[in-house]
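K.L.:
Sequence and predicted structure, then a few things I'm wondering about:
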Amino acid sequence: MSKTYHGSNKMASIKPQHEDEMLILVQTSPEDINFVLKVVETHCHTALPVQLDPSQGLLGFHTTRNKSPELMSILEHMPRPLRVL
């Protein structure tokens, strides 16, 4: 089994710079982070997931405004508890 990347999270410093870009913040329990990331990653071209603060369960999803309804639907139907901030 492959190991999970625990890098410096430099992607977390990327802020939306165009009016069509969004950053959606989500908080879940730290043990559910990998599951939530894998579910969103399987929905191709929906969002770029970023671990902002894994110890607190804080995640960010970089997406576009036209893909945000699809991403929100995925997050609302997530089988693990999470909160959109």
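P.N.:
Looks like it arrived, so ask away.

K.L.:
Show me which positions of the helix or strand bottoming out on mean pLDDT in the chain end up buried.
P.N.:
In the chain, no helix or strand scores lower on mean pLDDT, DSSP states H and E than strand 48-53, which sits at a mean of 89. Using 16 or more other CB atoms under 10 Å as the test for burial, strand 48-53 gives 49-52. Glycine gets a C-beta too; all of them are placed from N, C-alpha and C.

K.L.:
Next: stretch 62-75.
P.N.:
Taking 16+ other CB under 10 Å as the criterion, stretch 62-75 shows 62-63, 67-68, 71, 74-75 as buried.

K.L.:
can you list contacts of it?
P.N.:
The contact list for stretch 62-75, computed with CB atoms under 8 Å, 6 or more residues apart in numbering, reads 11, 14, 16, 19-24, 26, 39-40, 43, 45-48, 50, 61, 82, 84.

K.L.:
on that earlier part again, will you turn the buried residues of strand 48-53 into JSON lines that also has distance to residue 32?
P.N.:
Formatted as JSON lines, those follow (distance: CB to CB, whole Å):
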{"residue": "49", "distance to residue 32": "13"}
{"residue": "50", "distance to residue 32": "16"}
{"residue": "51", "distance to residue 32": "12"}
{"residue": "52", "distance to residue 32": "15"}
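
K.L.:
which helices and strands sit right next to the one helix or strand residue 26 maps to?
P.N.:
Element membership for residue 26, per DSSP states H and E: strand 21-28. Counting contacts by 3 or more CB pairs under 8 Å, 6 or more residues apart in numbering; DSSP states H and E, strand 21-28 packs against strand 58-64, helix 68-76, strand 82-84.
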